[in-house]
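Chemist: A predicted structure for the sequence below; I have some questions about it.
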Amino acid sequence: MAHANSGTGRSIFPKGPSFTLENFSNKDFIVRDFVESLAESAVPVNRRSGPAQSAFDPKPLIRTFESALSQLATLSEELGERETELLTSVRRAEIQHDQTLDTLGRKLDESIDSFQDLDSTLNNSNGANGNDRGGRPDGGGLIAVQIGERLEDLDKQRRRALDATFLIQCWLEVSEAGRLTSLEEMIRRQGSGENKVRCAVIARQLIKMSQRLDPASWALANGSKKVNGVTNGVAGYRGHNTRELIEKFSETLEKDLLKQFDDSYRRQNFDDMLECAKVLHDFNGGASVVALFVNQHQFFIDRSQLITDEVTTDNEMWERLADPDSDPPGVEPSLQSLLDEIRVVMQDESFIIKRAFPYYDVVLVKFIQRIFQQSIQQRLEMVLEKADTISSLAFLRSLHASRSYINNLIEDLKAHGLTEHPEACSAQTALSLDQQLDELFVPYLIGNSYIDRERKSLEELYSSLLFKFTIYHSRKKKVPTGFMASLAQQGTQLLSTAKDAYIDRLDSSDLTPTQKAMMLRVAGLRDADNNNNKNEIEVTDEDGVLSIPNAKRMLKWLAEGVRRTLELGSGSDTPKDVSALLNLLLTSMGQVYVETALDAAADQALSQETTKTEPDLSYFPSLQPAITITNIMSRFINTVLIRLAESNTTVRRSMEVHARSGVERIESKTNGIIRSSITVVLNWVTRLLAAQKKLDFRPKDSDLDGGRAGMGYLETLQTTTCFAICNFLQNVTKFSTQAIDGQNLEVFSCELALGIRDLIFEHFKKFQVNATGGLMVTKDMSRYVTTLKEWPLTKEAEGGVEVLSEIGNLFIIGPEALRERSRNFQPGGAGKKLQKQDFRAFVLKRDDAGSVGVQSVLAGL
């Protein structure tokens with residue numbers, strides 16, 4: 001035990017873990033983990049791996065926790081001592097801080113009081129005693145101010161006296177010695193900007209003195225010289241021409257300043273440039289330095305060498321410009337390159353202008369004018385001249401693309417701000433940019449020149465596209481007679497005018513090869529066809545048919561023209577311009593195209609009304625494209641053109657009247673064709689019914705054996721007239737569904753079905769019918785009803801058609817059924833329900849009408 005307790009021996013009990021304040025100040029410290037580590041360290045290692053069933057021994061844990069508690073108590077005492085020291089230090093610092101604040105506050109109050117005393121002394125004047133409000137003398141404040149003002153006045157007088165002395169000295173030098181030695185020495189010794197400004201001012205004053213004191217030098221002609229003080233009989237001032245000497249000095253001074261400005265520009269010495277610009281501005285208004293900066297700019301020197309370059313020779317681009325069906329390729333490449341370079345140059349030079357000129361707004365405006373009036377205008381004229389040699393459409397597209405790109409350039413410059421960067425540019429600069437843009441395009445947009453070009457281009461495209469169409473219909477056009485002659489004359493004149501305009505344009509000497517090729521391509525012709533006789537041009541039936549894709553092409557071309565009109569024209573002229581385009585559209589698409597096709601269909605329908613063969617309804621489907629094109633055209637007019645004219649009420653109303661008149665004229669002709677077609681169908685059905693044989697519904701016994709119409713006659717129990725009529729009506733159905741649809745088809749079908757029903761209704765009142773014939777009547781009626789009900793009919797029309805089925809039953813039912821049927825008559829309009837008089841007429845056509853049963857039924861009516 002003594003060995004165990006000795007200082008050098010090892011204790012039989014393990015020591016607990018030792019720790020310091022740093023263990024607890026760690027941010028990752030967790031109490032639970034700390035306690036667990038103490039518990040683990042209390043169990044000896046040999047016991048940790050022992051059997052699990054050994055008895056629990058709390059003594060190691062007690063010793064470990066006692067050791068830990070004693071260490072924690074020691075650390076707590078140390079921490080308390082530190083906390084006490086820190087609190088003491090904080091209290092001392094707070095006391096010292098409060099003392100410092102008090103000291104600074106007192107000093108501030110003293111400073112404020114001193115300032116107020118000084119201010120009162122300098123500014124307050126309190127009567128003859130010179131005391132302030134507190135009775136204190138004002139000191140020398142007011143006197144000091146008065147002395148300062150007096151000294152300034154004396155300094156100004158001294159400077160004026162020195163300037164006057166120097167000016168007199170200079171005048172004596174130039175008038176007596178013929179030299180300006182003092183000014184030259186001033187510039188040579190002290191070449192600062194201030195001295196140069198002074199020299200410039202003195203030179204101007206010397207000019208005025210020369211005008212008063214040496215009028216003879218001002219009376220001399222340019223280039224003359226004095227000889228012994230006399231020139232042309234006029235006595236000079238002591239033999240020296242003071243005007244010439246002073247002007248030469250001024251010119252030399254100006255040249256030196258301009259050279260210095262140019263050298264400074266090349267060295268990017270903006271301060272020196274600004275100094276020279278100020279001197280020259282005071283000297284002669286700054287016109288010479290502005291001209292030097294603008295005219296000698298490297299951009300204009302380089303571009304003047306390139307201005308003779310040809311515009312792009314890319315044939316594909318020019319062909320796309322002249323092709324109305326291709327999208328415009330955009331601005332011409334050489335012009336685009338110039339504008340892109342100008343954008344960079346303007347942004348860079350505006351920075352220099354602002355730093356080099358005191359009046360930079362004026363310089364920037366001059367620079368803008370020079371760029372637009374020289375570089376852009378020259379290149380723009382070259383591009384448009386080249387485009388004009390291609391085609392009128394190429395010119396219009398180039399004009400629009402150029403205007404749009406230049407306008408984008410101006411908007412970019414405004415947004416950049418130029419000399420006001422990064423703010424937006426000044427109002428003066430923005431006004432100058434807009435003015436230059438307008439002046440660039442005035443020659444092309446003045447008056448009606450632009451809209452006339454636009455209309456002429458569209459007329460050429462439309463006449464090219466419709467050339468074969470007009471040729472086809474002009475050859476088929478018959479000379480009308482009678483009442484319709486005056487109405488048809490207008491359409492004939494339009495066709496002739498459109499055809500002749502196209503032919504004359506092709507033969508025109510000012511037509512470019514590219515535009516001629518384009519017009520031939522749009523017209524679907526070859527150059528060989530154009531060289532032949534115009535009357536020998538081959539056309540097919542397809543050339544005379546309306547084409548919805550062609551109508552869409554026409555509207556696409558017009559929409560492109562409207563877009564150009566909006567962006568190129570002024571807002572006040574827009575209603576008038578779109579009105580002109582509307583008239584062109586109504587004439588070309590409405591009259592020349594749609595109405596011509598409708599007139600041809602109407603002529604064909606009229607010719608079929610009295611035909612002796614089955615009518616040809618192939619003209620009828622032409623109504624569908626006519627209606628579709630009219631709807632598209634009307635929607636375009638109402639959605640685009642008329643809305644663009646809303647700013648001018650008079651023009652808008654006029655456009656609405658013209659558009660409504662054109663559409664109503666097309667609708668009237670369409671309705672006329674439909675009416676004629678109904679007449680054609682009814683006339684042919686009447687003709688077929690008239691061919692019905694009297695004995696068709698009174699077959700003999702020999703017919704039952706197949707001797708009349710061959711085998712199967714009795715099986716079908718259908719007359720040839722019914723068969724022909726139903727086949728014809730099926731053709732009518734095919735053509736009508738191709739021509740019209742929707743409500744139009746329903747109205748047409750209802751009117752035609754009721755007309756045919758009335759014809760058949762009256763038709764069967766003319767034929768005697770025996771028992772077997774009654775079956776045939778029923779079969780025919782069933783076929784008629786089935787055929788007619790295949791059409792899109794209303795419920796009222798279907799009810800009217802069902803009457804035919806009742807007629808067939810009247811020929812096959814017995815007397816009792818007839819009597820029952822005679823009791824069920826319903827009131828209704830004529831032709832809608834079977835009435836008593838119709839019932840009697842049909843029953844009397846039965847072969848057994850004289851029998852007792854049938855006669856009793858008739859007597860009961």
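Modeler: Received the coordinates, thanks.
Chemist: And stretch 544-559, how far out from the chain middle?
Modeler: Taking CA atoms, centre = their mean, to the nearest Å, one finds stretch 544-559 lying 23 Å from the centre of the chain it belongs to.
Chemist: So which bits of that stretch are buried?
Modeler: Neighbour-count burial for stretch 544-559, counted by 16 or more other CB atoms under 10 Å, picks out 544, 546, 550, 551, 553, 554, 555, 557, 558. Glycine gets a C-beta too; all of them are placed from N, C-alpha and C.
Chemist: looking at this, the fourth one is in a helix?
Modeler: Yes. Counting by DSSP: H, G, I helix; E, B strand; the rest coil, residue 551 is located in a helix.
Chemist: contacting residues for it?
Modeler: 589, 593, 625, 628, 629, 632, 633 (CB atoms under 8 Å, 6 or more residues apart in numbering).
Chemist: how close does it get to residue 469?
Modeler: As judged by CB to CB, to the nearest Å, residue 551 and residue 469 stand 11 Å apart.
Chemist: How about the fifth one?
Modeler: With distances taken as CB to CB, residue 553 is found 13 Å from residue 469.
Chemist: do residue 577 as well
Modeler: Here the criterion is CB to CB. By it, residue 577 lies 27 Å from residue 469.
Chemist: what about residue 411, how many neighbours?
Modeler: Residue 411 sits with 11 neighbouring residues when counted by other CB atoms under 10 Å.
Chemist: overlap in contacts of residue 551 and residue 469?
Modeler: residue 593.
Chemist: how many neighbours does residue 90 have?
Modeler: 10.
Chemist: so where does it fall, helix or strand?
Modeler: When elements are assigned from DSSP states H and E, residue 90 belongs to helix 59-123.
Chemist: what's downstream of that helix, the next helix or strand?
Modeler: helix 141-172.
Chemist: from the chain's centre, how far out does that next one sit?
Modeler: Centre to centre, stretch against its chain (CA atoms, centre = their mean), the figure for helix 141-172 is 68 Å.
Chemist: So which residues make contact with the helix or strand just after it?
Modeler: Proceeding N to C from helix 141-172, the next assigned helix or strand is helix 181-189, under DSSP H and E. Residues from elsewhere that reach helix 181-189 (CB under 8 Å, 6+ apart): 166, 169-170, 173, 195-196, 198-199, 202-203, 249, 253, 256.
Chemist: Mind telling me what element the residue lying closest to residue 299 once chain neighbours are set aside is part of?
Modeler: Using CB to CB, 6 or more residues apart in numbering and skipping the chain neighbours, the partner closest in space to residue 299 is residue 345 (5.1 Å). Using DSSP H and E, residue 345 sits in helix 333-356.
Chemist: For that helix, buried residues please.
Modeler: Applying 16+ other CB under 10 Å to helix 333-356 flags 334-336, 338-339, 342-343, 345-346, 349-350, 352-354, 356 as buried.
Chemist: Centre of the chain to it, how far?
Modeler: The answer for helix 333-356 is 27 Å, by CA atoms, centre = their mean.
Chemist: do the same with stretch 647-662
Modeler: 25 Å.
Chemist: buried sites along that stretch?
Modeler: 648, 651, 652, 654, 655, 658, 659, 662.
Chemist: At which residues are the strands of this protein located?
Modeler: Using DSSP state E, the strands found in the chain span residues 230-231, 234-235.
Chemist: ok, back up a step: keep only those of the buried residues of stretch 647-662 that are in helices.
Modeler: 651, 652, 654, 655, 658, 659, 662 (DSSP state H).
Chemist: State the distance from residue 244 to residue 575.
Modeler: 65 Å.
Chemist: If you count surrounding residues, which of the two has more?
Modeler: Between residue 244 and residue 575, counted using other CB under 10 Å, the more crowded position is residue 575 (21 against 18).
Chemist: Does the more buried one touch residue 643 like I think?
Modeler: No. Assessed by CB atoms under 8 Å, residue 575 is found out of contact with residue 643, at 10.5 Å.
Chemist: okay, now residue 798: neighbour count?
Modeler: Residues within reach of residue 798, counting by other CB under 10 Å, total 15.
Chemist: er, residue 560 I mean
Modeler: Neighbours of residue 560 using other CB under 10 Å come to 19.
Chemist: Spit out the contact partners of it.
Modeler: Applying CB under 8 Å, 6+ apart, we find residue 560 in contact with 324, 328.
Chemist: Burial check on residue 107, number of neighbours?
Modeler: Residues lying near residue 107 (other CB under 10 Å) number 10.
Chemist: any idea how far it is from residue 113?
Modeler: 11 Å.
Chemist: Could you do residue 672 as well?
Modeler: 109 Å.
Chemist: Compare the two and say which one has the larger neighbour count.
Modeler: Neighbour totals were compared for residue 672 and residue 113, and residue 672 leads with 16 against 10 (other CB under 10 Å).
Chemist: Let me see the contact set for the more buried one.
Modeler: Residue 672 neighbours (CB under 8 Å, 6+ apart): residue 602.
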